[in-house]
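> What follows is a protein structure lacking sequence information:
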């Protein structure tokens with residue numbers, strides 16, 4: 001699947017281990033930096049992604065790479081019986097549990113430690129699956145997508161939100177400047193991890209966005225695949241059915 005980009009160039013540990021370490025390090029500032037760096041736009045992207053799942057009326061929803069639980073919380077608008085969020089970062093999950101408890105949603109949303117590429121669930125367990133800015137962090141993208149397919153119910157639907165690569169002038173130029181210079185600088189100021197927000201633009205650049213990612217979904221068996229660009233192509237929502 002191309003170049004493997006890791007957060008810490010000086011370490012020989014696996015990408016999976018490095019991603020977990022990175023998110024553990026930035027967990028306390030993650031929500032703040034998300035809001036600051038995206039100027040709040042990411043909230044609208046999540047709302048749109050979740051709204052696209054309405055047609056399957058999901059009762060059991062899985063949120064992969066759930067982080068601090070924002071996507072899982074947004075999924076409650078679909079009135080499911082249960083939402084389960086999994087993540088490899090204990091630090092992020094701790095922040096998410098605190099947030100969910102404050103909202104009084106602990107009986108509806110369960111967050112648990114888990115490997116996104118080897119999900120701890122039986123086949124055909126969920127009616128809908130969401131992933132927000134997580135698939136580019138997979139160590140083995142195809143393996144992760146295959147496992148998503150495995151745990152999704154027949155006729156179930158996925159919504160994957162991920163950064164893209166804008167192509168239109170001047171959005172392309174502004175985007176690359178912001179991601180290359182502004183994002184790492186702000187990340188270093190507010191986060192104790194100097195590598196995390198340098199890894200972000202590098203991982204986006206290495207990710208097979210657009211048609212390339214749709215081909216990964218199709219290869220796994222997904223049908224009715226579609227990429228929906230948002231905010232001039234800064235990000236894309238990928239939807240598909242099993």
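Good, I have the coordinates. Computed from a predicted structure; not experimentally measured.

> Could you tell me which ranges of this protein sit under the pLDDT cut-off?
Scanning the chain for pLDDT under 70 picks out the ranges 1-2.

> quick one, strands of it?
Secondary structure of the chain (DSSP state E): strands at 60-64, 82-87, 109-113, 126-132, 152-163, 223-230, 235-241.

> would you turn those strands into JSON lines with distance to residue 203?
(Each C-beta comes from the backbone N, C-alpha and C, glycine too.) Listed next are the strands of the chain as JSON lines, based on distance: least, Cβ to Cβ, whole Å:
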{"stretch": "strand 60-64", "distance to residue 203": "16"}
{"stretch": "strand 82-87", "distance to residue 203": "16"}
{"stretch": "strand 109-113", "distance to residue 203": "22"}
{"stretch": "strand 126-132", "distance to residue 203": "14"}
{"stretch": "strand 152-163", "distance to residue 203": "8"}
{"stretch": "strand 223-230", "distance to residue 203": "18"}
{"stretch": "strand 235-241", "distance to residue 203": "14"}
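
> Just put these in TSV and tack on distance to residue 25 and mean neighbour count.
Formatted as TSV, these follow (distance: least, Cβ to Cβ, whole Å; neighbours: other Cβ atoms under 10 Å):
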stretch	distance to residue 25	mean neighbour count
strand 60-64	21	25
strand 82-87	14	24
strand 109-113	17	18
strand 126-132	19	26
strand 152-163	20	20
strand 223-230	28	15
strand 235-241	24	22
